[in-house]
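J.: starting from these lines, generate the structure:
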Amino acid sequence: MSNSIIIVGAGPGFSTGVAEKFAREGFSIGLISRNEQKLKALSEELTSKGFPSIYSVADAGSQSELEHALSDLKTRLGGVSVLLYNAAALKNKDIWTETPDSLLEDFRLNVAHALFCAQVLYDDLKENKGAVLLTGGGLSKNPNPQYGSLALGKAGTLNLAIQLNKRLKEDGIFVGTITINGFIRPYSPTHSPEILADKLWRLFRNRTDIEVQH
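T.: Residues are numbered from 1 along each chain as shown. This next block holds a predicted model:
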């Protein structure tokens, strides 16, 4: 099969940069997001640039929707060699105002479903000596109480990457994460989607470090 990547939480910015980078390297692209209108527009934009992609709609907070979308894309791509989990519950909310239920709901989206996606695609990833890539953030190490739940989620993402790297290495599956310190902006001299995508690509190709920070 040809190389392929599924991006969960696809949207403008970092994940688009990753899609374009991997497409240039010969990967087929599968996209998952919850907003079909935006997802279709993104797919059409990539195709117009010479990077054909396919998509399947799913809310990353829904286990059943995710499973259906992953299975759909896996079939249409003819298999999967890389998973990028880029979904996150992005919100500005004081940690003191969170509830147990709200934290658990966010944790499901931020961390637990990253694990679930890897589990769904495990057979393909193992067969293809593939990779699981996770989008991390600087809040994992410098938490801000105004983004309390997201900070907990990014800390969980980093911890999950370390655990899965150790756990899946014997299966030939590489797991790594990019910790993005700063705001992603088009044409930024330090944090453009293209620069960050190149960093993630090198992490993936080298398969030595678990984490790259930028």
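J.: and the biggest helix by length in the chain, what's buried?
T.: Longest helix in the chain, counting residues (DSSP state H): helix 148-168. For helix 148-168, the neighbour count (16 or more other C-beta atoms under 10 Å) marks 148-158, 160-161, 164-165, 168 as buried. (Each C-beta comes from the backbone N, C-alpha and C, glycine too.)
J.: show the average pLDDT along that helix.
T.: Mean pLDDT, helix 148-168: 98.
J.: ok, now which ones touch residue 79?
T.: 1, 4, 124, 127, 128 (C-beta atoms under 8 Å, 6 or more residues apart in numbering).
J.: one more: residue 88?
T.: 9, 109, 110, 135, 137, 150, 153, 154.
J.: which SS state does the fourth one fall under?
T.: Okay, so that is residue 135. Taking DSSP: H, G, I helix; E, B strand; the rest coil as the rule, one finds residue 135 in the strand state.
J.: and the closest residue to it other than its chain neighbours, backbone torsions?
T.: Excluding the flanking residues, the one nearest residue 135 by C-beta to C-beta, 6 or more residues apart in numbering is residue 86, at 4.5 Å. When read as degrees, to the nearest 10, the backbone of residue 86 gives phi -120, psi 10.
J.: thought residue 86 was touching residue 9?
T.: Yes. Assessed by C-beta atoms under 8 Å, residue 86 is found in contact with residue 9 at 3.7 Å.
J.: what's the overlap in contacts for those two?
T.: 15, 135.
J.: distance-wise, check the residue nearest to residue 135 relative to residue 114.
T.: 9 Å (C-beta to C-beta, to the nearest Å).
J.: neighbour count for the two, which is higher?
T.: Between residue 86 and residue 114, residue 114 has the larger neighbour count (other C-beta atoms under 10 Å), namely 30 against 21.
J.: what's the most centrally placed residue in the chain in contact with, if anything?
T.: Against the mean C-alpha coordinate of the chain, by C-alpha atoms, centre = their mean, the closest residue is residue 85 at 2.1 Å. Listed by C-beta under 8 Å, 6+ apart, the contact set of residue 85 reads 8, 9, 113, 114, 117, 118, 132, 133, 134, 135.
J.: the helices in the protein, which residues?
T.: So, for the chain - with DSSP H - the helices run 14-24, 36-48, 63-77, 100-107, 113-120, 122-127, 148-168, 193-206.
J.: quick one: closest of those helices to residue 92.
T.: Residue 92 lies closest to helix 148-168 among the helices of the chain, at 8.7 Å (C-beta to C-beta).
J.: which helices and strands does the closest one pack with?
T.: Other elements packing on helix 148-168 under the criterion 3 or more C-beta pairs under 8 Å, 6 or more residues apart in numbering; DSSP states H and E are helix 100-107, helix 113-120, strand 131-137, strand 174-180, strand 211-213.
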